[in-house]
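>>> coords below, sequence missing:
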């Protein structure tokens, strides 16, 4: 393989220099993640050209730079369309890239809109309400306990031990805090107390394959995955492969969501069980973390015996297969 692969990404330090806050960059990447992907692509025979964030991409495209493929790992930093910015720009210049297109990237980031589509697909997802202003919290009619989080953040930003609320007062306080901090509406969901599993997926459409289910076991049953937990997971989180029949049902639902939403190449689908043990789709991550032995997809691959180089290779192969296939103008599969 002798491809020139452009590499888009968002480093925390780059955006801090541009004036972003520590909370703004909490889910962005560190140099070790970018180095690992670069090294894997190089080992696969690619000539890697590091681009960085979307402003660098704009400058490069305007200067006439082109690549055989872009490995798009850029999440953006502001707005509901931030994960769609690089895909949309590359589509405008007819440059093929890895992972999902602009439509899917924007849809899956906005958790409430995504849940509407999941409902339309007939897939189970927790009942929910959207709170755009603190005073709207009093209009939520869902039964307690409830779970609150920003509607369009990743890496569990805004999720902490107080995200599970049991009273009207707690709900109002949590909504007001999140709206003020993240300047976006709050998703309020029925709290699911059961087992939690994330399904890793590689491939696109009917060729998409579930790699397996990674179950997150909590030291306390009413906890949920939070960004603070990830940093100190050894103390109260236990990762293990999901057993049967949970694993098969999680894979079935995850693939249905993945295909129904038009996700491509690689990512994760997060699910959790209700009190009766029924799985519900929580959210879809079509641009997964790829930090070796840390990000959920990588931890899952470690437990399944899938080397990191193979994971990156399968993502790359899926994208190249799409690019080589005849284009469907209704789906944009060739980009």
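Structure received. Worth saying up front: this structure is predicted, and the values here are computed from it rather than measured.
>>> pLDDT of stretch 319-326, averaged?
For stretch 319-326, mean pLDDT is 90.
>>> How about stretch 286-306?
In this model, stretch 286-306 has an average pLDDT of 96.
>>> do stretch 64-78 as well
So the average pLDDT for stretch 64-78 ends up being 96.
>>> Tell me the span between the first and last residue of it.
End-to-end distance of stretch 64-78: 26 Å, with Cα to Cα, to the nearest Å as the criterion.
>>> same deal with stretch 260-280?
The first and last residues of stretch 260-280 sit 15 Å apart, counting by Cα to Cα.
>>> cool, stretch 287-299 as well?
Distance between the two ends of stretch 287-299: 16 Å, counting by Cα to Cα.
>>> Can you point out the buried residues in it?
Across stretch 287-299, burial judged by 16 or more other Cβ atoms under 10 Å covers 287-292, 294-299. Every residue, glycine included, has its C-beta placed from N, CA and C.
>>> Among those residues, which one sits closest to residue 164?
Closest approach between those and residue 164, by Cβ to Cβ: residue 296, at 20.9 Å.
>>> can you pull the contacts of that closest one?
Going by Cβ atoms under 8 Å, 6 or more residues apart in numbering, residue 296 touches 198, 200, 214, 268, 288-289.
>>> So which elements touch the longest helix seen in the chain?
Using DSSP state H, we find that the single longest helix of the chain is helix 308-324. Counting contacts by 3 or more Cβ pairs under 8 Å, 6 or more residues apart in numbering; DSSP states H and E, helix 308-324 packs against helix 31-43, strand 69-73, strand 196-202, strand 266-273, helix 296-304.
>>> can you give me the angle the longest one makes with helix 296-304?
Put plainly, it is helix 31-43. Orientation check (axes from the mean of the first three to the mean of the last three Cα atoms, to 10 degrees): helix 31-43 against helix 296-304 gives 60 degrees.
>>> go on, the second one?
Between the axis of strand 69-73 and that of helix 296-304 there is an angle of 100 degrees, by the same axes, to 10 degrees.
>>> Quickly find the element holding the residue nearest to residue 165 when sequence neighbours are not counted.
Nearest residue to residue 165 in three dimensions, chain neighbours excluded: residue 171, at 4.8 Å (Cβ to Cβ, 6 or more residues apart in numbering). Per DSSP states H and E, residue 171 falls inside helix 168-182.
>>> hmm, back to that, next, the contact list for the residue nearest to residue 165, please.
Residue 171 touches 137, 140, 146, 148, 165, 188, counting by Cβ under 8 Å, 6+ apart.
>>> Let me know the closest of these to residue 257.
Nearest to residue 257 out of these is residue 188 (Cβ to Cβ; 21.0 Å).
>>> For the helix or strand that contains that closest one, name the packing helices and strands.
Assigned by DSSP H and E, residue 188 falls within strand 186-190. Under the contact criterion of 3+ Cβ pairs under 8 Å, 6+ apart, strand 186-190 touches strand 128-131, strand 146-150, helix 168-182.
>>> State the mean pLDDT of that strand.
pLDDT averaged over strand 186-190 gives 97.
>>> quick one: buried residues of it?
For strand 186-190, the neighbour count (16+ other Cβ under 10 Å) marks 186-190 as buried.
>>> Partner strands of that strand, with direction?
Looking at strand 186-190 with DSSP bridges, its partner strands are strand 128-131 (antiparallel), strand 146-150 (antiparallel).
>>> Can you give the contact residues for it?
The contact list for strand 186-190 (Cβ under 8 Å, 6+ apart) reads 111-112, 126-132, 137, 140, 142-143, 146-151, 171, 174-175, 178-179.
>>> and the angle for it with helix 168-182?
Inter-element angle recorded for strand 186-190 and helix 168-182: 140 degrees (by the same axes, to 10 degrees).
>>> Distance from strand 186-190 to the middle of the chain?
Computed by Cα atoms, centre = their mean, to the nearest Å, the chain-centroid distance of strand 186-190 equals 18 Å.
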